[in-house]
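Chemist: Generate coordinates for the sequence data below:
(one chain, ligands or ions: 1)
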Amino acid sequence: MRTKLPEQGRGRQAVFDQMRDMAKSDADWRHGRVPLYVFKANDDVTAVGRDAFFEFFAENALGAKRAFGSLKRMEDEVVAMALDLFHGPEGAVGNMTTGGSESIFMAVRACREWNRARRKSARHTGNMVIPFSAHPAFTKAARTMDIEVRRIPLAADLRADPAAMAAAVDDDTILLVGSAPCFPHGVIDPIAEIGEIAQRLGIWLHVDACVGGYVAPFVRMIGYPVPDFDFVVPGVSSISADLHKFGFCPKPASTVFYRDPEQAKYQVFNIDDWPNGLFSTPTLTGTRPGGAVAAAWATMQFLGVSGYCEIARNLMTMRDNYVKGINEIEGLHVWGKPHVSILTFGSEEVDIFRVAEVMSGKGWVPGLVRKPPAMHQMMSMFHEVGREAYLADLRAAVGVVRQEPKTKATIKATY
Ligand SMILES: Cc1ncc(COP(=O)(O)O)c(C=O)c1O
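Modeler: Modelled structure (predicted):
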């Protein structure tokens, strides 16, 4: 039966009771049982973000220029702080969006429009040459804008293969992409080498730092190896970086940046032929939650460099303990050399999808990668709480699978 709007409004208590009741069957993310979707640094950071969000709960960032100068200032400052972190040169610009997919979409649109202008071809669409591991948001943007996608196989270390990417470029190529890091394997692509190709061939390079943007700089500051991935690489034209992932800000919040303000202009939608005059937005969305802008600003102010470094230290210690724990289970190995806190691990001895299936039976939502076959964990500090239980269940699951080698996994990798 289709649900109908209730004839009479219900009491607040009844509404909240029902929501809480529905949530009882949700996965237990608070104890690290969900390998993606939710991010946390610590309770204090969560509280600052939440309270700042509710302080500006009603305001709309669409009206930041005309009505809410506070939000305009906060968004400008978020962008300026990030550009400083990403070595943005003089003149570099950016704006907030509602998520990684939107940031990527806007950069692809800017790139396509800029190419149309410089090629003097109003209908040019062209192709993008991207690593196999690039996020689906690139394909989503490409299909929406009729751009051909060329996904190029990875090198043996699971990073993008710059030579293979260069070989796939032709006169119609408008965009190259590298990730910092990619979602599937958690490794940062060789951005400096892709940047050289981009410069040599005069092609736009977008770096997708949706995952790493707000954590990798601090991971490097505390002494872990992080390859150059931002505007310090001369060939990088644009960067996407999500505040609502490892910036530890409330959803929905991401950022997109451009080295050249002339290129950034092509991101903006300007529409004048309707009754209310010029409508100009740099985002795909119209209305945007003012709370998300305020919360991002407040979180960044509250943490500062020292706070983010402290989080990076905790995160990397946890990551190292997971790597150690997984490698200690006979038959399992972490694939590649993860740069931040996304891990994938598999096995030459047991069917890792079957291991994931057994783990799923114990209440762990499985993250899976098809190539190479692996389990996947995008981890923040929720995952420290569940680390010992996870590793114990994982060890037991490998034992179960070893004892029933003929049982075939039916589980499929889905995002
Ligand atoms: C590397 C990368 N890029 C882009 C995205 C898309 O971000 P969102 O889900 O906020 O749209 C993700 C999401 O996990 C990601 O891992």
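Chemist: Which segments of this protein make up each domain?
Modeler: Domain assignment for the chain by automatic domain parsing gives 27-41+305-403, 48-301.
Chemist: how far out from the middle of the chain is the last one?
Modeler: Read that as domain 48-301. Relative to its chain's centre, domain 48-301 lies at 10 Å (Cα atoms, centre = their mean, to the nearest Å).
Chemist: Return the most buried member of the domains of the chain.
Modeler: Mean neighbour count (mean count of other Cβ atoms under 10 Å) peaks for domain 48-301 among the domains of the chain, with a mean of 20. For every residue, glycine as well, the C-beta is placed using N, CA and C.
Chemist: What's the mean pLDDT across stretch 334-350?
Modeler: Mean per-residue pLDDT for stretch 334-350: 94.
Chemist: related to what we said a few turns ago, who wins for proximity to the ligand among the domains of the chain?
Modeler: The closest of these to the ligand is domain 48-301. By Cβ to the nearest ligand atom, the value is 2.3 Å.
Chemist: rewinding a little: just put the domains of the chain in a markdown table and tack on distance to Y415.
Modeler: Shown next, in a markdown table, are the domains of the chain (distance: least, Cβ to Cβ, whole Å):
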| stretch | distance to Y415 |
| --- | --- |
| domain 27-41+305-403 | 8 |
| domain 48-301 | 7 |
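Chemist: right, and the ones you listed - which one's nearest Q8?
Modeler: For the domains of the chain, proximity to Q8 was assessed by Cβ to Cβ; domain 48-301 is nearest, at 26.3 Å.
Chemist: Just the endpoints, please. Distance across the closest one?
Modeler: Taking Cα to Cα, to the nearest Å, domain 48-301 runs 10 Å from one end to the other.
Chemist: Residues of the stretch 51-200 of the chain that sit close to the ligand?
Modeler: Counting by Cβ under 6 Å from any ligand atom, the residues of the stretch 51-200 of the chain close to the ligand are G99, G100, S101, H135, A137, S179, C182, F183.
Chemist: for the last one, helix, strand, or coil?
Modeler: So the one you mean is F183. Put simply, F183 is coil when judged by DSSP: H, G, I helix; E, B strand; the rest coil.
Chemist: contacting residues around the nearest residue to it once chain neighbours are set aside?
Modeler: Spatial nearest neighbour of F183, excluding adjacent residues (Cβ to Cβ, 6 or more residues apart in numbering): H135 at 5.6 Å. Listed by Cβ atoms under 8 Å, 6 or more residues apart in numbering, the contact partners of H135 are G100, S101, I104, S179, C182, F183, D208, C210.
Chemist: again, only using 10 Å
Modeler: Shown in contact with H135 (Cβ atoms under 10 Å, 6 or more residues apart in numbering): 100-101, 104, 177, 179, 182-184, 208, 210-211, 240, 415.
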